[in-house]
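**Q** here is the input, now give the coordinates:
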Amino acid sequence: MLRAAASPGVGACPQSFRGDPPAVQVTFLGTSSGVPTRARNVSAVALRLPQRAELWLFDCGEGTQHQFLRSDLRVSQLSRIFISHMHGDHVFGLPGLLASLGLAGTCSGIDLYGPDPLRDYLEGVLRTSSTRISYPLRSHRVRQAAQAGTLLLDDGDLTVRCAPLTHRVPAYAYRVDQKPRAGRFDVEQARALGIPPGPIYADLKAGRTVTLEDGRIIKGEALCGPERPGSSVVICTDTVFCEAAVELARGADLLIHESTFAHAEAEMALQRQHSTSTMAAQTALAAGVKQLLLTHFSPRYMPGNPVTPDDLLAEARAIFPNTELAKDFLSLEVAASEA
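**A** Residues are numbered from 1 along each chain as shown. All right, here's what the predicted structure looks like:
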């Protein structure tokens with residue numbers, strides 16, 4: 001289930017419906033491909049995580065730190081950065097962002113995930129620019145996990161998987177899954193059993209067994225409804241249509257997929273190993289996702305040109321109706337469907 005939120009910098013941080021599992025918030029910081037335009041910066045997507053002051057960033061095109069300043073996201077909360085591939089519109093903003101984090105003196109450490117050359121690229125830029133990183137910067141190569149289909153990350157609340165894409169250089173898609181949440185706690189039943197409100201409710205809500213002062217043993221699971229699924233987000237750029245992306249996105253609540261070209265330019269898309277609007281929609285349809293968001297648009301489709309992003313949207317919706325266009329600073333919540 002997706003809920004649109006006020007654009008960062010315009011309204012307050014969106015909130016989940018009361019009683020629902022906390023939703024992951026997605027904010028687009030760049031939705032253009034290749035080069036920025038007046039309305040769209042190059043690639044970057046931020047995930048604000050539920051119930052903790054933490055941000056994850058997916059790709060970091062040039063100017064991403066400026067996009068942070070124009071949003072209500074706090075760059076000081078950034079803890080993990082995932083890079084899809086080494087093309088400049090996805091990585092040129094990374095050295096500047098990391099350097100600024102160091103100068104601010106508020107960063108406790110960054111975990112960086114990406115292709116094999118990422119570490120050498122950063123070390124070269126930081127060394128030749130005499131830039132010192134004053135916080136822990138931990139680098140993780142994702143190739144092995146992508147090829148083996150194993151977990152890249154499990155932090156207790158969220159897991160991350162990745163898959164190899166089909167592009168001109170090694171590229172990877174990422175999937176973030178929120179682990180299932182405990183079922184809804186039946187407060188009325190607890191009161192009927194004479195269980196006094198207080199800290200004991202937290203244990204019962206978590207499904208733990210507690211012993212009351214009168215000696216009764218209460219199993220929390222008996223007071224909770226069925227376990228509720230967590231939400232899932234897949235970020236897939238840059239690639240032509242490929243089965244690996246379909247498998248990674250299987251059943252996801254939200255698929256964010258590149259749509260660099262219109263269907264009429266499929267030949268160019270294949271040559272440059274990018275997706276058309278219809279390829280993105282076919283991926284969403286084959287994977288059975290809940291919603292598709294198109295991003296990474298070629299500047300050739302700027303408003304006023306013969307073909308615009310709205311035309312790409314119409315092409316995608318003809319195949320996968322539940323499709324929307326991403327734009328810079330679009331912010332939405334992704335909550336799992338319980339259907």
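
**Q** and the pLDDT at the residue lying closest to Gly61 once chain neighbours are set aside?
**A** With CB to CB, 6 or more residues apart in numbering as the criterion, Gly61 has its nearest non-adjacent residue at 3.1 Å, and that residue is Val42. Bear in mind the C-beta positions are built from the backbone N, C-alpha and C, glycine included. Per-residue confidence (pLDDT) for Val42: 98.

**Q** my read is that Val42 contacts His87, right?
**A** No: if you go by CB atoms under 8 Å, Val42 and His87 don't touch, sitting 9.6 Å apart.

**Q** out of the two, which sits in the busier spot?
**A** A count of neighbours by other CB atoms under 10 Å puts Val42 above the other of Val42 and His87, at 28 against 20.

**Q** which residues does that one bridge with?
**A** Ser32 (DSSP bridges).

**Q** is the spatially most central residue of the chain in a bridge, and if so with what?
**A** Central residue of the chain (CA atoms, centre = their mean): Leu47, 4.9 Å from the mean position. Beta bridges link Leu47 to Val26, Trp56 when assigned by DSSP bridges.

**Q** and the pLDDT at it?
**A** pLDDT, Leu47: 97.

**Q** need the contact list for it.
**A** Leu47 is in contact with Val24, Gln25, Val26, Thr27, Leu55, Trp56, Leu57, Phe58, Val176, Val233, counting by CB atoms under 8 Å, 6 or more residues apart in numbering.

**Q** so among these, which ones count as buried?
**A** Neighbour-count burial (16 or more other CB atoms under 10 Å) applied to these gives Val24, Gln25, Val26, Thr27, Leu55, Trp56, Leu57, Phe58, Val176, Val233.

**Q** now name the helix or strand holding the last one.
**A** Okay, so that is Val233. For Val233, the element it lies in under DSSP states H and E is strand 232-236.

**Q** how far out from the middle of the chain is that strand?
**A** Here strand 232-236 is found 6 Å from its chain centre; the criterion is CA atoms, centre = their mean, to the nearest Å.

**Q** neighbouring contacts of the next helix or strand after that strand?
**A** From strand 232-236 onward toward the C-terminus, using DSSP H and E, the following helix or strand is helix 243-248. Helix 243-248 has contacts (CB under 8 Å, 6+ apart) with 161-166, 173, 175, 234, 236, 239, 257, 283, 286-287.

**Q** again, but for stretch 249-256
**A** Residues outside stretch 249-256 that contact it (CB under 8 Å, 6+ apart): 1-2, 26, 45, 173, 175, 231-237, 283-284, 287-293, 295, 326, 334-337.

**Q** next: stretch 218-232.
**A** By CB under 8 Å, 6+ apart, the surrounding residues in contact with stretch 218-232 are 20-21, 23-24, 158, 175-186, 189-190, 193, 195, 203-212, 251-254, 334-338.

**Q** and it, end to end?
**A** Length of stretch 218-232, first residue to last, CA to CA, to the nearest Å: 33 Å.

**Q** same question for stretch 124-142.
**A** Stretch 124-142 has an end-to-end distance of 20 Å (CA to CA).

**Q** enumerate the positions of that stretch that are buried.
**A** By neighbour count on 16+ other CB under 10 Å, the buried set for stretch 124-142 is Val125, Leu126, Leu137, Arg141, Val142.

**Q** distance of the residue lying closest to Arg317 once chain neighbours are set aside from Ser277?
**A** In space, and not counting its chain neighbours, Arg317 is closest to Thr323: 5.0 Å by CB to CB, 6+ apart. As judged by CB to CB, to the nearest Å, Thr323 and Ser277 stand 9 Å apart.

**Q** more neighbours: the two, which one.
**A** Remark: of Thr323 and Ser277, Ser277 carries more neighbours, 35 against 24, as counted by other CB under 10 Å.

**Q** contacting residues for the more buried one?
**A** By CB under 8 Å, 6+ apart, the neighbours of Ser277 are Ser259, Phe261, Ala262, His263, Leu294, Leu312, Leu313, Glu315, Ala316.

**Q** most surrounded residue in these?
**A** Going by other CB under 10 Å, Ser259 tops these with 33 neighbours.

**Q** the nearest residue to it once chain neighbours are set aside pairs with what?
**A** Nearest residue to Ser259, sequence neighbours excluded (CB to CB, 6+ apart): Leu294, at 3.9 Å. In this entry, Leu294 is beta-bridged to His257, Leu325, by DSSP bridges.
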